[in-house]
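>>> pasting the sequence and the predicted coordinates here, then a few questions.
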Amino acid sequence: MNTDNQNTPHQPSDKQIDFGFQSVPLGQKQNLVNDVFDSVASSYDIMNDLMSGGVHRLWKENLLDWMAPRPSQILADLAGGTGDVSLRFLKRGGKFAHVIDINEQMLAAGKKRKIMNPYSDRLNWMVGDAQLIPLADNSVDRVTIAFGLRNVPDRMAALKQIKRILKPGGRFCCLEFSHVNNKLLSKIYDGWSFNVLPKLGQLVAGDAQSYQYLVESIRKFPSQAELSTMMADAGLVQIKVRSLSGGIAAIHSGWKID
């Protein structure tokens, strides 16, 4: 596929960025994130169900409800991992999906899923960085990233890349953990996140530390308003937000008009 029009590759920087509650050089974060997902890849889908009580499935269905895939549409599913969102997109009538993830272990786990087999001719599994997406300008109708943007070192670079690959009239939807807006729910959620999830990670995946990072990364992620501003700064328009489960997660939607 022609990628001649891609932007200059993202360069490492000494700028500090969040890695959980730590601050690390921007150029180091990706390797640290890679280590996390190399560790959890084989148990990722099981842990998603345990961590959310299965609610992540409803959130993804909400994402697809809002997207309303059509038979002519091509999707770029960034941080696509094991293919959950791409599978739903194709089941809902989408034409084709590129599953793009920087982590080969996550893609390998997705390819092994038997549920993907009936759609193999409509799937393209690609190792790729959201900061330099390996697709041509104006080449896809929809872009999604579900629970992945917070792990991208330079989020603004990723948002600009998303706008680049979208066709005029194309749409970006981001499903991500967000900020709870109810004090009681926030207290319960914090107790679950910090006290239970790392222990589940140790029990199921043999790795408490990676799940501790994932919990911390959620708390450091921009608020709904901040992410909306970032999307606008990247050139997306008609930005809207839907809160899910009291703000535990949120969907951001934006369009490319030119």
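Arrived safely, thanks for sending.

>>> quick one: contacts of stretch 224-241?
Residues from elsewhere that reach stretch 224-241 (CB atoms under 8 Å, 6 or more residues apart in numbering): 149, 155-156, 159-160, 162-163, 172, 174, 176, 178-179, 221-222, 243, 247, 250-257. Any C-beta I mention is one placed from the backbone N, CA and C, and that applies to glycine too.

>>> what is the neighbour count of residue 154?
Neighbour count of residue 154, defined by other CB atoms under 10 Å: 22.

>>> let me see the backbone angles for the nearest residue to it once chain neighbours are set aside.
Distances taken as CB to CB, 6 or more residues apart in numbering place residue 131 nearest to residue 154, at 5.4 Å, with adjacent residues excluded. For residue 131, the backbone dihedrals (degrees, to the nearest 10) come out as phi -80, psi -10.

>>> over to residue 60?
Taking degrees, to the nearest 10 as the convention, residue 60 sits at phi -70, psi -40.

>>> any figure for the gap between it and residue 144?
10 Å (CB to CB, to the nearest Å).

>>> so for those two, which sits in the more crowded spot?
Between residue 60 and residue 144, counted using other CB under 10 Å, residue 144 has the larger neighbour count: 27 against 22.

>>> residue 218 contacts residue 189, doesn't it?
No - taking contacts as CB atoms under 8 Å, residue 218 lies outside contact range of residue 189: 9.6 Å.

>>> distance between the host helix or strand of residue 187 and the chain's centre?
Mapping residue 187 onto the secondary structure by DSSP states H and E places it in helix 183-191. Relative to its chain's centre, helix 183-191 lies at 24 Å (CA atoms, centre = their mean, to the nearest Å).

>>> which residues touch the residue nearest to residue 154?
Neighbouring residues of residue 131 by CB under 8 Å, 6+ apart: 10, 152-154, 157-158, 161.

>>> hmm, back to that, in the helix holding residue 187, which residues are buried?
residue 189 (16 or more other CB atoms under 10 Å).

>>> again with stretch 220-238
221-222, 224, 227-228, 230-231, 234-236.

>>> for residue 200, state which of the contacts of residue 131 is nearest.
Proximity of these to residue 200 was ranked by CB to CB; the top entry is residue 152 with 24.8 Å.

>>> confidence score at the closest one?
Residue 152 is assigned a pLDDT of 91 by the prediction.

>>> and it, its phi and psi?
Torsion angles, degrees, to the nearest 10, at residue 152: phi -80, psi 130.

>>> work out for me the element residue 158 sits within.
Per DSSP H and E: residue 158 is located in helix 155-165.

>>> test my guess that residue 97 contacts residue 78.
No - in this structure residue 97 lies outside contact range of residue 78 using CB under 8 Å: 11.2 Å.

>>> hmm, back to that, intersection of neighbour lists for residue 60 and residue 144?
Jointly contacting residue 60 and residue 144 under the rule CB under 8 Å, 6+ apart are 85, 175.
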